[in-house]
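Engineer: Turn this into a model:
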Amino acid sequence: MPSMESFRSSNRASDLRYHSVFITGTDSSIHSLRDLKGKKFAFGDIDSTSAHLMAYRELKQAGIDPETDLKSRYSGSHPATAAMVANGTVDAGAIDETVYDFLIRGGQLDTSKVRVFYTSKPYLDYVYVARKHVSDSTRERFVLALLPCSKA
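Structural biologist: Below is the predicted model of the structure:
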């Protein structure tokens, strides 16, 4: 049975494979985050890590204030953002990279209409935390409930 310490120090390769992608129309003049100033931009769901939180952070780090430099809105979902970019409702948007790939592979998004112009730095997603007063034994049980069963 894995210990808490082995779980804490584990480095799952999948944990650092999450990215937000910024997409625009194929004929757009947008090629960098700085090109977004004054443009119509769609975030996904306000509670989304990839379609809001990380995208917002990347914009701020690029010197873009989403509150004043963009005409931003929330689409409510990754597919809705992709559709808004594809049909020209907005100039650009941010969605999860895996969702983007899924939409392309499934034929729901056409690469002749949209393109990725920026990919975020990798980040951790699906992080679980416990309050500091939760006992070690309770934390251990929680960790084991999330990990696949190990075979001895």
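Engineer: need the helices for the chain, in chain order.
Structural biologist: Taking DSSP state H, the helices of the chain run over residues 4-9, 54-61, 78-86, 97-105, 136-146.
Engineer: Tell me how many other residues crowd residue 48.
Structural biologist: Using other CB atoms under 10 Å, residue 48 has 23 other residues around it. Bear in mind the C-beta positions are built from the backbone N, C-alpha and C, glycine included.
Engineer: From residue 18, how far out is it?
Structural biologist: According to CB to CB, to the nearest Å, residue 48 and residue 18 sit 12 Å apart.
Engineer: Leaving out chain neighbours, which residue sits closest to the most centrally placed residue in the chain?
Structural biologist: By CA atoms, centre = their mean, the mean C-alpha position of the chain lies nearest to residue 50, the distance being 1.7 Å. The shortest distance from residue 50 to any non-neighbouring residue, by CB to CB, 6 or more residues apart in numbering, is to residue 96 (3.8 Å).
Engineer: show me the contacts for the one you found.
Structural biologist: Contact analysis of residue 96 by CB atoms under 8 Å, 6 or more residues apart in numbering lists 18-21, 44, 48, 50-51, 78.
Engineer: ok, now residue 18?
Structural biologist: For residue 18, the contact set (CB under 8 Å, 6+ apart) comprises 49-50, 96-98, 122-125.
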